[in-house]
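J.: Fold the following and give me the result.
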Amino acid sequence: MDASHGFKDPRTLSFQRPIIRRLILGSYWVVILFAIPFWWRLTSIERIALPSSRVHAQLEKRPVFPVNVRLDGSSFQGRAPVLASELNDLLAQSTRTSAGWSNLDIHVTVDRNAAVDNQTARGVYTVALGDTTVVRHPRHLVLSQHDGSSAAKIVDVLTGLLAPEAPSRVQRVAQYAKRYRLAFTLLNEDVTSDQLIYNWDIRAALADHISPVLARLNVLHDFVIESQVQFHAPLAFEPVQIVSENSTFYGLTPGDLTIFVNSAEWTLSSSVSEDPVIHFLLFVPSPSRQPLHILDTQGSPTRRAVFLLPQWGGIYILNHLEHVGTRTRLTAVDLSPAFSAFANQLSALLGVSDLPRGVRSEDPSILSDWQLDTVLRYRALENIVGTQQTLHSIVKLVDQIENMPVDETVRGDVQNALTALEQAYQSTAGPPLTILQWSREALSLASHAFFNPGMLALLYFPAEHKYAVYTPLFASIAVPLIVALGRELHVWRREHRTTTSN
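T.: Just a heads-up that it's a prediction; the model follows:
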């Protein structure tokens with residue numbers, strides 16, 4: 001530019017000298033080149049190899065529980081050996097054809113002198129012949145003359161005790177957890193009712209009906225019990241009004257039962273906890289809607305006052321009791337039908353099967369050893385399958401997401417889960433409680449690995465998101481540097497050609 005205008009010629013400025021300008025530009029590129037190794041190290045993802053082959057090998061494995069059944073030779077007399085052989089043949093055939101028997105390896109033998117207590121210590125089930133079919137403690141079955149008359153009839157009884165068929169059990173039973181919260185709630189639909197219940201003798205009702213069940217199931221779960229009374233619990237729908245010649249009543253259709261719980265207005269859990277909650281509701285309808293009955297699919301009232309919501313809990317509808325009158329407190333006697341139903345629902349929700357038709361328990365107030373062993377095996381198998389699926393999901397995710405981090409903690413949890421699974425398989429010959437404990441530990445370790453915070457982050461922040469964040473930042477820096485470098489190279493080449501020509 002002309003010096004007469006007061007501006008200096010840019011070529012005379014020291015920092016515009018080619019050598020200085022190129023040194024400044026070069027310093028930027030030197031810093032970038034030196035920073036790349038540090039950036040690569042700081043942003044690299046640790047991926048430790050998982051024992052994928054061991055995980056895949058576990059997918060098809062299932063535990064097989066050996067079950068020893070001994071016939072009381074003194075009661076079956078001379079036909080015991082022949083009967084035992086026939087039972088072994090029939091049970092072997094059932095194992096091959098029935099899914100319920102696929103995890104059981106049953107052996108029937110004859111024992112004339114073994115004491116019941118010693119057999120029980122070894123986990124042996126004894127079968128004897130008597131007057132009626134009844135299960136006794138411990139692991140003892142007495143068959144009536146009719147039920148013990150043939151091997152086929154004995155197999156039918158053993159099927160209901162050792163491998164009960166329950167297609168709906170998977171949908172009905174609550175998912176296994178080490179600890180459950182049992183929430184008992186008394187719901188008054190109408191707060192203005194003169195039949196409002198203010199109090200209930202729940203401690204006595206729990207002691208009479210719920211505690212015996214919990215005492216047997218405490219080997220599987222820990223339980224925390226809470227209770228409350230709500231004075232205003234309106235329904236979210238209108239029950240069907242049915243007028244007959246002699247009376248008027250209200251009914252709940254099968255569709256109404258699925259939406260009975262008004263979650264928007266009912267506060268059913270009084271505490272905050274990560275433990276799964278099983279609810280039991282004692283619902284007192286408004287006097288204007290009493291009696292409130294459950295209707296069948298044909299729209300006719302049933303005798304049932306209780307219904308179960310799978311994996312959630314149970315509900316009992318308490319219509320007006322004549323002997324209660326206007327009392328505001330429900331005694332243990334008043335609560336007995338409801339809590340007896342709650343005890344049955346609790347057992348069903350926790351996977352306990354009913355005794356087969358025609359088989360009764362010598363002590364109906366407690367669960368038999370046959371039922372307890374069955375639910376122990378069922379829960380152990382559930383945990384093992386859950387562990388296998390969880391470990392397979394971990395390996396599949398790591399293979400699909402190439403930049404998912406796998407640190408030593410994750411690999412340690414996976415390896416420990418596999419070790420616990422192997423211990424569970426080796427424990428099948430022992431008490432069912434032992435395999436349950438190992439399967440529970442395996443599932444806990446697998447879940448801990450799956451929900452590792454370092455792995456979860458990549459599920460919600462994949463590589464595409466990272467590129468979307470970094471591209472605007474680095475593009476604004478890289479474009480000027482690349483353009484300046486290209487320009488300087490062009491100037492240098494031109495100067496080099498000029499020098500060469502001269």
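
J.: Need the pLDDT of Pro432.
T.: At Pro432, the model reports a pLDDT of 87.

J.: Am I right that it is in contact with Asp373?
T.: Yes - counting by Cβ atoms under 8 Å, Pro432 does reach Asp373; the two are 5.3 Å apart. Yep, even glycine has a C-beta here, placed from its N, CA and C like the rest.

J.: Output the below-cut-off pLDDT ranges for the stretch 101-250 of the chain.
T.: For the stretch 101-250 of the chain, residues meeting the criterion pLDDT under 70 lie at 112-122, 166-169.

J.: contacting residues around the closest residue to Leu318 other than its chain neighbours?
T.: Excluding the flanking residues, the one nearest Leu318 by Cβ to Cβ, 6 or more residues apart in numbering is Val284, at 5.2 Å. Going by Cβ atoms under 8 Å, 6 or more residues apart in numbering, Val284 touches Leu186, Leu187, Asn188, Glu189, Gln195, Ile197, Leu318.

J.: Try it again at 7 Å.
T.: Shown in contact with Val284 (Cβ atoms under 7 Å, 6 or more residues apart in numbering): Leu187, Asn188, Glu189, Ile197, Leu318.

J.: now do Lys178
T.: His221, Asp222, Arg440.

J.: ok, and the most crowded of those?
T.: When neighbours are counted by other Cβ atoms under 10 Å, Arg440 leads the contacts of Lys178 with 21 neighbours.

J.: My guess is that residue contacts Asn383. True?
T.: Yes - with contact taken as Cβ atoms under 7 Å, Arg440 and Asn383 are classed as touching, separated by 5.6 Å.

J.: before we move on, the earlier item: what distance do you get for the residue nearest to Leu318 to Ser269?
T.: Counting by Cβ to Cβ, to the nearest Å, the gap from Val284 to Ser269 is 20 Å.

J.: what does Gln175 give?
T.: Counting by Cβ to Cβ - Gln175 and Ser269 are separated by 17 Å.

J.: Compare the two (neighbour count), which wins?
T.: Legend: neighbour count by other Cβ under 10 Å for Gln175 and Ser269, higher for Ser269 (14 against 8).

J.: The more buried one contacts Pro276, doesn't it?
T.: No - contact criterion Cβ under 7 Å: Ser269 and Pro276 do not qualify, at 10.7 Å.

J.: and whichever helix in the chain runs longest, what's its mean pLDDT?
T.: As assigned by DSSP state H, the longest helix anywhere in the chain is helix 463-501. Mean pLDDT, computed over helix 463-501, is 80.

J.: Check which residues of that helix are buried.
T.: Of all the residues in helix 463-501, those buried under the rule 16 or more other Cβ atoms under 10 Å are Ala484.

J.: Below-threshold pLDDT in the stretch 301-450 of the chain: ranges please.
T.: Ranges of the stretch 301-450 of the chain meeting pLDDT under 70: 321-327.

J.: now the strands for it?
T.: Counting by DSSP state E, counting those that start in this stretch, residue ranges of the strands within the stretch 301-450 of the chain are 306-309, 313-317, 329-330, 360-361.

J.: distance between the second one and the chain's centre?
T.: Same thing as strand 313-317. Distance of strand 313-317 from the chain centroid (Cα atoms, centre = their mean, to the nearest Å) equals 22 Å.

J.: helices or strands up against it?
T.: With contacts defined as 3 or more Cβ pairs under 7 Å, 6 or more residues apart in numbering; DSSP states H and E, strand 313-317 has these neighbours: strand 277-284, strand 306-309, helix 332-349.

J.: Check the offset of whichever strand or helix holds Val55 from the chain's centre.
T.: Using DSSP states H and E, Val55 falls within helix 52-58. Average the C-alpha atoms of helix 52-58, do the same for its chain, and the two points are 23 Å apart (Cα atoms, centre = their mean).

J.: Tell me which residues of that helix come out buried.
T.: Ser52, Arg54, Val55, Gln58.

J.: Please tabulate these in TSV, including the columns pLDDT and distance to Ala478.
T.: What follows is the buried residues of helix 52-58, written out as TSV (pLDDT from 0 to 100; distance: Cβ to Cβ, whole Å):
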residue	pLDDT	distance to Ala478
Ser52	91	39
Arg54	92	46
Val55	93	43
Gln58	89	49
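
J.: Nearest to Ala343, out of those: which one, please.
T.: Comparing the buried residues of helix 52-58 against Ala343 with Cβ to Cβ places Gln58 closest, at 37.4 Å.

J.: how about Ala332, what does it touch?
T.: The contact partners of Ala332, by Cβ under 7 Å, 6+ apart, come to Asp201, Ala204, Ala205, Asp208.

J.: just curious, which of these is nearest to Arg304?
T.: When the contacts of Ala332 are compared against Arg304 (criterion: Cβ to Cβ), the nearest one is Ala205, at 19.8 Å.

J.: After the host helix or strand of the closest one, heading C-terminal, what element do we hit next?
T.: Taking DSSP H and E as the definition, Ala205 sits inside helix 202-205. Note on helix 202-205: by DSSP H and E, the next helix or strand toward the C-terminus is helix 211-217.

J.: Check which helices and strands that next one is in contact with.
T.: In this structure, helix 211-217 makes packing contacts with helix 332-349, judged by 3+ Cβ pairs under 7 Å, 6+ apart.

J.: distance of Val333 from Ala205?
T.: 9 Å.

J.: Leaving out chain neighbours, which residue sits closest to Asp399?
T.: Leaving aside its sequence neighbours, Asp399 sits nearest to Ser52 (Cβ to Cβ, 6+ apart; 7.8 Å).

J.: From what I see, the one you found and Lys396 are in contact.
T.: No - taking contacts as Cβ under 7 Å, Ser52 lies outside contact range of Lys396: 9.5 Å.

J.: sorry, back to before: would you list the contacts of Ala332 in JSON lines and tack on distance to Val157 and neighbour count?
T.: Conversion of the contacts of Ala332 to JSON lines gives the following (distance: Cβ to Cβ, whole Å; neighbours: other Cβ atoms under 10 Å):
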{"residue": "Asp201", "distance to Val157": "39", "neighbour count": "15"}
{"residue": "Ala204", "distance to Val157": "36", "neighbour count": "15"}
{"residue": "Ala205", "distance to Val157": "34", "neighbour count": "26"}
{"residue": "Asp208", "distance to Val157": "30", "neighbour count": "17"}
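
J.: Which two among those are spaced furthest apart?
T.: Top of the distance list for the contacts of Ala332 (Cβ to Cβ): Asp201 and Asp208, 10.0 Å.
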